[in-house]
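Q: Provided below for reference: sequence and predicted model.
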There are 2 protein chains.
Amino acid sequence: MIFPPELIKGTFKTIVLKLLADNKKMYGYEITQRVKELTLERIQMTEGTLYPTLHALESEGLVTTETEYIGKRVRKYYSLSPSGKAKSKEKVKEFAEFVATMQLLLDTNLKPI
Amino acid sequence: MIFPPELIKGTFKTIVLKLLADNKKMYGYEITQRVKELTLERIQMTEGTLYPTLHALESEGLVTTETEYIGKRVRKYYSLSPSGKAKSKEKVKEFAEFVATMQLLLDTNLKPI
DNA sequence: ATAAATACATTGGAATCTTATGTATTATTG
DNA sequence: CAATAATACATAAGATTCCAATGTATTTAT
């Protein structure tokens, strides 16, 4: 199943923060591949989505970066700042509560008499 | 907890279709109240969101309408069309699979060695 | 050699919600 | 009985946010 974009929208920050929380440091391309792999290709995080997300997280002070050269090719690693670690937990929890709330709606609800 | 709009966005059609699947016919204001009630006020579906959603569903042929007068006040009831019933099931299933896929990402995933 | 994969990045457009506003009726309450 | 809250519809302008497309460059595989 391919998910409509409007469903995935709004979860990108959560996904990136969580991956960084589990992996200390990752670079952009690595994140796109990991998402693809972990979701069995059901969610594709394209570059047009990922890089703006990473840059936003950086400007919010939630991640820090360090650049590394592999041969001549640059690689930019992202790591969570202390506030980023807190934010990661918060966003994961928020998503869980959101799902729980949606369940209240999507489990069968007959009109009371 | 109040959910950020970008998380709820994209679920409105699913919510409305599901409520109509369970309740045969509902009118707009009733839907806003039911959502508030079922989610313990965690999700508010405002009129600016609901009416455009209902009109979109109607133009897609997923719902039909009938107008009723309560005194002088008009009330517009919405019901699922056959294709709307199918769509409702599809969207609910889609959301469930989306959640399952997100779980793959949000459960702890350490980098393989 | 050529193609595919790796790796960064930006931009314009599209889609979608949200705030604000508008109109009107009915019920409640002080 | 006047004022307020609740009921009930609706739209429009603006903000936000993604996404497809595009661009550059290096490395690896065929």
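A: Nice, thanks for sending it over.
Q: please make it C-alpha for all contacts and neighbour counts, starting now.
A: Fine.
Q: from what I can see A:Glu94 touches B:Pro4, true?
A: No - between A:Glu94 and B:Pro4 there is no contact under CA atoms under 8 Å: 9.1 Å.
Q: does chain B sit close to the longest helix anywhere in chain A?
A: Longest helix in chain A, counting residues (DSSP state H): helix A:82-106. Yes - judged by CA under 8 Å from any CA of the partner chain, helix A:82-106 comes into contact with chain B at A:92, A:94, A:98-99, A:101-102, A:104-106.
Q: so how do I select the buried members of those in ChimeraX?
A: Of the residues of helix A:82-106 next to chain B, the buried ones can be selected in ChimeraX as follows, counting by 16 or more other CA atoms under 10 Å in any protein chain shown:
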select /A:92,94,98,101,102,105,106
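Q: dump the residues of helix A:82-106 next to chain B to a markdown table, plus pLDDT and distance to B:Val16.
A: Formatted as a markdown table, the residues of helix A:82-106 next to chain B follow (pLDDT from 0 to 100; distance: CA to CA, whole Å):
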| residue | pLDDT | distance to B:Val16 |
| --- | --- | --- |
| A:Val92 | 94 | 26 |
| A:Glu94 | 94 | 22 |
| A:Phe98 | 94 | 17 |
| A:Val99 | 94 | 16 |
| A:Thr101 | 94 | 15 |
| A:Met102 | 95 | 12 |
| A:Leu104 | 93 | 13 |
| A:Leu105 | 93 | 9 |
| A:Leu106 | 92 | 10 |
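Q: will you turn the residues of helix A:82-106 next to chain B into a markdown table that also has distance to DNA strand D?
A: Formatted as a markdown table, the residues of helix A:82-106 next to chain B follow (distance: CA to the nearest atom of the strand, whole Å):
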| residue | distance to DNA strand D |
| --- | --- |
| A:Val92 | 15 |
| A:Glu94 | 15 |
| A:Phe98 | 16 |
| A:Val99 | 17 |
| A:Thr101 | 20 |
| A:Met102 | 19 |
| A:Leu104 | 21 |
| A:Leu105 | 19 |
| A:Leu106 | 21 |
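Q: quick check: residues of chain A near DNA strand C?
A: Contact residues (CA under 7 Å from any atom of the strand) of chain A with DNA strand C: A:6, A:27-30, A:47-49, A:51-52, A:70, A:73-77.
Q: what distance do you get for the spatially most central residue of chain A to A:Gly84?
A: Centroid check for chain A by CA atoms, centre = their mean gives A:Ile15 as the closest residue, at 1.8 Å. According to CA to CA, to the nearest Å, A:Ile15 and A:Gly84 sit 13 Å apart.
Q: show the backbone phi and psi for A:Arg75.
A: When quoted as degrees, to the nearest 10, the phi and psi of A:Arg75 stand at phi -140, psi 130.
Q: if it is in a bridge, with which residues?
A: Taking DSSP bridges, one obtains A:Glu68 as the residues bridged to A:Arg75.
Q: that one: what's it in contact with?
A: A:Arg75 makes contact with A:27, A:67-69 under the criterion CA atoms under 8 Å, 6 or more residues apart in numbering or on different chains.
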